[in-house]
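J.: I'd like to go over a predicted model; first the sequence, then the structure.
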Amino acid sequence: MPLLELSNLRTSFHTRHGIVRAVNDVSFTLEKGETLGIVGESGSGKSVTCYSLMGLIPQPPGRIEGGRVVFDGVDLLCCKPEQLRRIRGKRIAMIFQDPMTSLNPYIRIEDQLIEPLLIHERIEYTEAVKRGIAALEEVGLPDAAKRIRSYPHEFSGGMRQRVMIAMALITKPDLLIADEPTTAVDVTVQAQILELIKRAQRQLGMAVMLVSHDLGVVSGFCDRVQVMYAGRIVESAKTDSLFHQPQHPYNRALQNSIPALQPKGTALYTIPGMPPDLSRPLPGCAFAPRCEFAADKCSTGEIVLKEVAPDHRSACLRVQQAEIKV
Amino acid sequence: MTAAPQPATLRPTDEIEAGHSLWQDAWHRLRKNKMAVLGGIFIILLTIASFVTPLVASDYYKHQNLDLGATPPSHAHWFGTDQLGRDLLARVLYGGCISLSVGIAATVVSVVIGVLYGTISGYIGGRLDVIMMRAVDILYSLPFVMFVILLMVIFGRNIILLFMAIGAVEWLDMARIVRGQVQSLKKQEFIEAALALGLRKRRIILRHMIPNVLGIVIIYSTLIVPSVMLLESFLSFLGFGVQPPMSSWGTLINEGAKSMEECPWLLIFPGLFFSASLFSLNFLGDGLRDALDVRASKD
Amino acid sequence: MSDAFLQLQNVKTHFPVERGIIFRRHIGEVKAVDGVSLSLLQGEILGLVGESGCGKSTLGRTILQLVPPTEGAVILAGKNLAQLKGRALRESRADFQMIFQDPYASLNPRMTVFDTLVEAIRAHKTVPSSELANRVSELMKKVGLSPRFLQKYPHEFSGGQRQRIAIARALAVEPKLIIADEPVSALDVSIQAQIINLLAQLSREMKLTLVFISHDLSVVKHISDRIAVMYVGKIVELGPATDVFEKPLHPYTKALVSAVPIPDPEREKKRLRVILSGDPPSPMNPPGGCAFHPRCACAVAECSRTVPGLDNFNAARQVACIRAKEIN
């Protein structure tokens, strides 16, 4: 049994401008100890997927319209609040993009750090503090015993992100969801943070879901990668084959537009047009209007994610019918 | 085709798309807010009635009929009459004229002073800013009622003084708000871009600063008007304000309260008008805030 | 270099740190830019990289005189900008322009695109009204936007389109030098490519000298002729883009390059990583000697005493490290 199984998750936001279908029929599984990357541009639904399965979607305006999120046999969307509390924050932990806003500026690091321990493990306060200090040392915070008494604003951005990671790992979760954990920090700090998560993963054997807009970050970090576009998964494969044999035009276009992969001085490939407006119904493939391979059926046909090569799934109709090679 | 200047290079098929300014968007949103629209309509009607009445019947409000005395509302006098037999409807409308004038005049005074003071303090910054803001703090700490009494003692009772006293207090908030806005605007990149273009300071302030501060100034002024009207009625209630035979809503409520038990209508009608206009102004202010708020217009 | 178009000579920008409300006490200085010398040829693209707080943005704003330099000279086409004041400075601004990071904040939300561009065109030239519409449409086409959108307001555009408008505004005064401060960091990957292509093309066609400031080394490598790497207010390495990226000389550049994730799993697995410890020091009291020495794997005792100058490593490359010859 997989650790986490999402099936047909649909999340929408009811706004002034209509219903925005942020996540549209997303299904995937995650095995124990696996590292899954979810990439996509802003508005692709990658973050909303994570927030939905953590039950962190503000309702209203958000609404989970349907689907199942089964974690270790428990459906998180319809289980008792009691059960959910025991899983969330203990067995599933999350790291957010902005450590500045996800730490409470008025509470000492110590109290924020050991709170999950006191709630979920019911251990003695002094014992919890000891484990808090150990957790901070683990993430490479110098002088942890003293600095645990500080407030969040006394740390630099990179340090705060480490504190966030220590906090997420302190209950030894089975699944860590990292939502753009390195977007707000510099590259050298990014390398430190990714290394840190990787080490913790090896030690605890936890599964990691890494959400990022940066193809570079996921390529070195994940076993498997999913590409999202306009609220749907358009491609899902082992990291190597996703990068070396792309099976969806969007994935290929994305890779062609990254300077790091292109010879210097050449014009970068650009995807024409703009991402679609999710508050309008999108018949067929949402990428069709911007796709160089699009045919008539792309804007009418039903789009499903299908296996097109061993362990490699694509949502492109024409790839599925072997009409094109991207 | 819009009225915009048309680039000669355009083909006739390329129609210029009309844009919607943030003001238009705000107006659109405001129109959807029923309470704000109702409030606005009420204020407009009241203003017209209050300012037209003294014109067409300039003396009616002080026309006494001692034989009649205080009578409850009737066909001849819709709101009844007071102890001196004066028509209450006329007095309420006349009072509205005074109250609204005080409210609007004091608001204009406070907006002009506050915007100028706040913009200068925020734009120039540094030591001048510190000194100007400490001055505001000092003025804040003056006990207002004492200040008014002092003015009355020195200059005698005078409605102009009343405006001045109220205006002198209300601009302080406005100055602080505008200063804060200007300070945050100054850090915006479009102001830096304007500097980099080599535009003159005057143009930067007029074209780039003021239009972006205006929204909050409008919102805040609609909220100053009711607070000024409250102040005026408070002062009149204490006997420092408008003197008989002139009436403001404050003095009418004061008189009505004295004979509350025998002639309740003398309190009810002015009170009703006063609260209705305060409600309307506040609803309008809230509606404007929702409509003009830049954060809301971003999504 | 005699044919230098833009020359920086020992530019320093220090910000005083003061305490107290009315009577201010001077308690220190943030040395945001601390002695930068560079020269650029006309039409050259210089990439300026470094981590946040290294002073790259301040250097950009200092070149444009949006922040006055504390010391040093900024010489553009033979004219020292640092000495210009008031009217003279304002008039010379037609020669150099800036493109900003946040396309949502860099356009006045109350002005139509037409008004924004007209304001920029008229800032330095008197153009008859009859010609104005033409000029504006040309600008729009140059940055790949349809003149149909001229009467729209900034909030009606996407981030990428807004950045194009900002570029059009910068081009409106016909500048010779453009400083682009993180022009693509706020944009999505696919939109980044559009803006990078546009800037590269414009600089080629119009012989624009471009200083491209970014924290993203792979973007900078792609667009620039040369790269300057900054660390705590100083340039630590300067050289041709490909060389700096592929064979970095300074230990800091090495760490920076190795930290850039490459979207290619195979290359990513094979390469050697230098992971730095700790964070960059505060520019208010940087460590003595070489500012990088506390984090440097190659540091020796001498590094904490001597401030290294930016010396020639070979004809094309310069590096500020006393052990450069030993470790490379």
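T.: Done, it's in.
J.: Next, the residue in the stretch 1-150 of chain B that chain A sits nearest to: phi, psi?
T.: Nearest residue of the stretch 1-150 of chain B to chain A: B:Arg29, at 9.0 Å (C-beta to the nearest C-beta). Any C-beta I mention is one placed from the backbone N, CA and C, and that applies to glycine too. Dihedral angles phi and psi of B:Arg29 (degrees, to the nearest 10) take the values phi -70, psi -40.
J.: Against B:Ser280, how distant is B:Val92?
T.: Noted for B:Val92: a distance of 16 Å to B:Ser280, by C-beta to C-beta, to the nearest Å.
J.: okay, those two: which has more neighbours?
T.: More crowded of B:Val92 and B:Ser280, by other C-beta atoms under 10 Å in any protein chain shown: B:Val92, with 26 against 23.
J.: Restricting to C-alpha, output the helix or strand of chain C with the lowest mean pLDDT in CSV.
T.: Ranked by mean pLDDT, DSSP states H and E, the weakest helix or strand in chain C is helix C:265-270, scoring a mean of 78. Extracted in CSV, the C-alpha atoms of helix C:265-270 (Å, rounded to 0.1, in the frame of the first residue of the first chain):
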residue,chain,number,x,y,z
PRO,C,265,19.8,14.8,-13.3
GLU,C,266,22.9,13.2,-14.7
ARG,C,267,25.2,16.2,-14.6
GLU,C,268,23.7,17.0,-11.3
LYS,C,269,24.7,13.7,-9.8
LYS,C,270,28.2,13.7,-11.2
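J.: now that helix, how far from the centre of its chain.
T.: Between the mean C-alpha location of helix C:265-270 and the chain-wide mean there is a distance of 30 Å, by C-alpha atoms, centre = their mean, to the nearest Å.
J.: Can you give me the buried ones in it?
T.: C:Pro265, C:Glu268 (16 or more other C-beta atoms under 10 Å in any protein chain shown).
J.: what's next to stretch C:112-130, contact-wise?
T.: Stretch C:112-130 has contacts (C-beta atoms under 8 Å, 6 or more residues apart in numbering or on different chains) with B:4-5, B:19, B:21, B:197-199, B:207, C:91, C:93-94, C:107-108, C:111, C:132, C:135-136, C:139-140, C:149-154, C:165, C:168-170, C:172-173.
J.: what does stretch A:289-299 give?
T.: With C-beta under 8 Å, 6+ apart, stretch A:289-299 has contacts from A:249-250, A:253, A:271-274, A:276, A:283-285, A:287-288, A:316-318, A:323-324, A:326.
J.: rerun that using 6 Å as the cut-off
T.: A:Pro249, A:Ile271, A:Pro272, A:Gly273, A:Gly284, A:Cys285, A:Ala288, A:Leu317, A:Arg318, A:Ile324 (C-beta atoms under 6 Å, 6 or more residues apart in numbering or on different chains).
J.: Pretty sure the fourth one sits in a helix.
T.: No - when classified by DSSP: H, G, I helix; E, B strand; the rest coil, A:Gly273 is found to be coil rather than part of a helix.
J.: Relative to chain B, how far out is it?
T.: For A:Gly273, the distance to chain B (C-beta to the nearest C-beta, to the nearest Å) stands at 17 Å.
J.: which one is that residue nearest to, not counting chain neighbours?
T.: What sits nearest to A:Gly273 in space, not counting adjacent residues and going by C-beta to C-beta, 6 or more residues apart in numbering or on different chains, is A:Arg290, at 4.4 Å.
J.: Backbone dihedrals for the one you found, both of them.
T.: phi -110, psi 0.
J.: Number of residues surrounding it?
T.: 18.
J.: what do you get for A:Arg88?
T.: The local packing of A:Arg88 (other C-beta under 10 Å) involves 19 other residues.
J.: Take the contacts of stretch A:289-299 and keep only those in helices.
T.: A:Pro249, A:Leu317, A:Arg318 (DSSP state H).
J.: Wait, C:Gly159 touches C:Val184, no?
T.: No - here C:Gly159 does not reach C:Val184: they are 9.9 Å apart, not a contact under C-beta atoms under 6 Å.
J.: ok, these two, which is more surrounded?
T.: Neighbour count, other C-beta under 10 Å: between C:Gly159 and C:Val184, C:Val184 has more, with 27 against 18.
J.: is it fair to say that one lies in a helix?
T.: No - C:Val184: not assigned to a helix; according to three-state DSSP it is coil.
J.: Distance of it relative to chain B?
T.: With C-beta to the nearest C-beta as the criterion, C:Val184 and chain B are 15 Å apart.
J.: Show the pLDDT at that residue.
T.: We have a pLDDT of 90 for C:Val184.
J.: Who's the closest spatial neighbour of it, skipping the chain neighbours?
T.: C:Gln192 (4.2 Å).
J.: the helices in the stretch 1-150 of chain C, which residues?
T.: Along the stretch 1-150 of chain C, counting by DSSP state H, counting those that start in this stretch, helices occupy C:56-63, C:86-92, C:113-122, C:129-142.
J.: so of those helices, which one's packed in deepest?
T.: Per-stretch averages of neighbours, counted by mean count of other C-beta atoms under 10 Å in any protein chain shown, single out helix C:56-63 among the helices of the stretch 1-150 of chain C, with a mean of 25.
J.: could I get it in PDB with only the CA atoms?
T.: C-alpha atoms of helix C:56-63 as PDB (Å, rounded to 0.1, in the frame of the first residue of the first chain):
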ATOM      1  CA  LYS C  56      24.800  44.600  -6.300                       C
ATOM      2  CA  SER C  57      21.600  46.600  -6.400                       C
ATOM      3  CA  THR C  58      23.200  49.500  -4.600                       C
ATOM      4  CA  LEU C  59      26.000  49.500  -7.100                       C
ATOM      5  CA  GLY C  60      23.500  49.700  -9.900                       C
ATOM      6  CA  ARG C  61      21.700  52.600  -8.300                       C
ATOM      7  CA  THR C  62      25.000  54.300  -7.600                       C
ATOM      8  CA  ILE C  63      26.000  54.100 -11.200                       C
END
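J.: And the average pLDDT for it is what?
T.: On average, helix C:56-63 scores 93.
J.: Run through the neighbouring helices and strands of it.
T.: Judged by 3 or more C-beta pairs under 6 Å, 6 or more residues apart in numbering or on different chains; DSSP states H and E, helix C:56-63 is in contact with strand C:25-40, strand C:177-181.
J.: Switch those strands over to JSON lines; also include distance to A:Cys50.
T.: As requested, those are exported to JSON lines (distance: least, C-beta to C-beta, whole Å):
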{"stretch": "strand C:25-40", "distance to A:Cys50": "37"}
{"stretch": "strand C:177-181", "distance to A:Cys50": "32"}
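J.: Could you list the low-pLDDT ranges of chain C?
T.: C:1-2, C:20-24 (pLDDT under 70).
J.: Output the set of residues of it in proximity to chain A.
T.: C:51-52, C:158, C:188, C:190, C:193-194, C:196-197, C:218-219, C:222, C:255, C:259-263, C:265, C:268, C:275-276, C:279 (C-beta under 6 Å from any C-beta of the partner chain).
J.: Just the buried ones from those residues?
T.: C:51, C:188, C:190, C:193-194, C:196-197, C:218-219, C:222, C:255, C:259-263, C:265, C:268, C:276, C:279.
J.: Just the element for the closest residue to B:Ile268 other than its chain neighbours, please.
T.: Take B:Ile268 and drop its neighbours on the chain: the residue closest to it by C-beta to C-beta, 6+ apart is B:Gly256, 7.6 Å away. For B:Gly256, the enclosing helix or strand under DSSP states H and E is helix B:249-258.
J.: Name the SS class of the residue nearest the centre of chain C, please.
T.: Centroid-nearest residue in chain C, with C-alpha atoms, centre = their mean: C:Ile213, separated by 2.9 Å. Following three-state DSSP, the label given to C:Ile213 is strand.
J.: Just give the closest residue to the closest residue to chain C within the stretch 51-200 of chain B, not the sequence neighbours.
T.: Here the residue of the stretch 51-200 of chain B nearest chain C is B:Gly198; by C-beta to the nearest C-beta that distance is 3.3 Å. The spatial neighbour of B:Gly198 that comes closest, neighbours along the chain excluded (C-beta to C-beta, 6+ apart), is C:Arg93 at 3.3 Å.
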